[in-house]
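Colleague: okay, structure incoming, though there's no sequence with it:
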């Protein structure tokens, strides 16, 4: 009987251990998932810091949201780990350094995005709203200075503030001009500033704004600049095709003229001749507004080319959509 009771006690103890073991396994699994996410966040932190320290505000802006999501996802996984000491350790090891890096640039990102919003206000003829948003910018700048001084954050590369100053000066130009018409920035800024400016010149299709991003500048020889917009989204192709098909190509002509005027000013200031081309090729999209007799000209081995405009320093009137082909088709 005594032996039976011992055996029964052992069985009972083993049964009690089963859920405890399962709980431990689950807890350990949560911990490992949190550590794995933390290690990934550490890699992203290294990349993010390299973007910040490079001094290119626009690259930092492009990475900011994804980095923020990575921090949040890591926090959520750490929150599932049992034991406050474990959570504190993981947060201190992984999350806190990432948040410090994010907070280091949070006000600069807020400022550049607000400047973009103000810029768009002019294109929508919302001049009073632009003035109101500029007042918000001034308050944001004041707050940023106070927080930076109190927080003891590492200083940022001077080029980041230089880009912010460039955009603010341009916005002030537009405020002083008090017009919805696009104006060429008086100050040239860096090539990074200028290309981002081109990305924010909008096609205004009866109050609906379309932006074509991705402008690049490539030196062509010693004294020539080539400005290229080689690809944009399928939705942008469809919108451009719709604009052309309904006969509102003047909206695109105005946009192209604004781009050309800016490129000509930038290139002249730098003593260079220039060429500009905006088109998208090989995306498998067949424009409905395609001139039938130009089919062979715009189709290559990898698909269709949708031309938006081209111009150069000698002919500053942009050739939009199929203008150039229709004017010269008898030579082909």
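Modeller: Cool, the structure landed. Owing to the predicted nature of the structure, the values given are computational and were not obtained by experimental measurement.

Colleague: what are the boundaries of the strands in this protein?
Modeller: With DSSP state E as the criterion, the chain has strands at 203-205, 208-210, 216-220, 224-229, 273-281, 299-300, 303-312, 319-320.

Colleague: which one of the ones you listed lies closest to residue 195?
Modeller: Proximity to residue 195 (C-beta to C-beta) singles out strand 216-220 among the strands of the chain, at 6.2 Å. Quick note: C-beta positions are derived from backbone N, CA and C, even for glycine.

Colleague: just the pLDDT at residue 17, thanks.
Modeller: Looking at residue 17, its pLDDT stands at 46.

Colleague: all further residue positions should be reported with the first residue as 80.
Modeller: Happy to do that; since the first residue is 80 now, the last one works out to residue 96.

Colleague: between the strands of the chain, which one is nearest to residue 332?
Modeller: Minimum separation from residue 332 across the strands of the chain (C-beta to C-beta) falls at strand 398-399, 5.1 Å.

Colleague: what does the closest one rub up against?
Modeller: Contact with strand 398-399 is made by 328, 331, 332, 335, 387, 388, 389, 390, 406, as judged by C-beta atoms under 8 Å, 6 or more residues apart in numbering.

Colleague: what's the neighbour count on residue 144?
Modeller: By other C-beta atoms under 10 Å, 10 other residues sit near residue 144.

Colleague: rewinding a little: now the strands of the chain as CSV including mean pLDDT and distance to residue 191?
Modeller: Shown next, in CSV, are these (pLDDT from 0 to 100; distance: least, C-beta to C-beta, whole Å):
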stretch, mean pLDDT, distance to residue 191
strand 282-284, 94, 22
strand 287-289, 94, 18
strand 295-299, 90, 20
strand 303-308, 94, 21
strand 352-360, 92, 24
strand 378-379, 76, 38
strand 382-391, 88, 26
strand 398-399, 93, 31
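
Colleague: of these, which is nearest residue 244?
Modeller: Judging the strands of the chain by C-beta to C-beta, what sits closest to residue 244 is strand 295-299, at 21.4 Å.

Colleague: which elements pack onto the closest one?
Modeller: helix 270-278, strand 303-308 (3 or more C-beta pairs under 8 Å, 6 or more residues apart in numbering; DSSP states H and E).
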